[in-house]
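Colleague: A predicted structure for the sequence below; I have some questions about it.
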Amino acid sequence: MKPLTPLTPEFTWAGFAWPRYVADMACGLDALRRKRDLRQHCGGYFHAPRPEKAGTGRGFYLGPQGRHGDGQPFRRWEWADEVSGVRIGHTGWFCDQHQDSKIRGIVVSLPHGRFLAGWSMGENMASSVDGTVYNNAQDAAYAADSMAESAAEQEREYQERQEEEQEEEGAEA
C-alpha cells in the first residue's frame, strides 16, 4: 500500500481529490498561536474516507473535553460508559494481551439533541467517529461500546500477527 502524500491524489470522490488535509479550526488567540507553532514542526494530518468502506468512520486525535484535538471537529463528547441511563459495566475494552491499554466508546453531542458514536484510545490518542446519527445518547452509547469492542479486537489480532511475524523472523536468523 502506498503512503498518502499531498502531491499524489489516490482517488476522486464527491468532486474532490483525496487524500485531503483534515480541517482543524483555531478558536481564539491561544488556539491560533498553537496552530502556528504546530506548523513549524510538522505538516497537516491526512484522512481519506474510502466510499467503498462505508461506516469506517473519521479518524482524529481526541482532545480533552471542551477543547479540540488535532483534526477533531467537535467539542462536546463524553465516554459511553458515563452517559446517564446507560448500564455499561466496564470502562473500555483491552486492546493488547498484556491488558495495558484500553479502547473506550465515545458519544459526541450534536446540535438539536442528536448524537454520534465512536471509539478512542484516550485523550490525545487515536480515535474515530462513525457517521450514523442517533436520536438519543443511550443508543449512541451502546453503539459506541460495540465499536470500541470491535476496534479493540482488531487491534489485538493485529498485535498477535505482528508478534508471530517477529517470532518467525527471529527463528530464521
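Modeller: Alright, I've got the coordinates.

Colleague: break this protein into its domains for me.
Modeller: 1-54, 56-172 (automatic domain parsing).

Colleague: where among these is average confidence lowest?
Modeller: Per-stretch mean pLDDT for the domains of the chain is lowest at domain 1-54 (a mean of 57).

Colleague: longest helix in this protein, by residue count?
Modeller: Across the chain, the helix with the greatest residue count (assigned by DSSP state H) is helix 137-172.

Colleague: give the buried residues for that one.
Modeller: 137-145, 147-149, 151-152, 155-156 (16 or more other C-beta atoms under 10 Å). Where C-beta positions appear, they are placed from N, C-alpha and C, glycine not excepted.

Colleague: what's it packed up against?
Modeller: strand 93-94, strand 102-110, strand 114-120, strand 126-134 (3 or more C-beta pairs under 8 Å, 6 or more residues apart in numbering; DSSP states H and E).

Colleague: so who does Asp96 touch?
Modeller: Glu155, Arg156, Gln159 (C-beta atoms under 8 Å, 6 or more residues apart in numbering).

Colleague: and what of Gly122?
Modeller: So Gly122 contacts Leu62, Ser101, Lys102, Arg104 (C-beta under 8 Å, 6+ apart).
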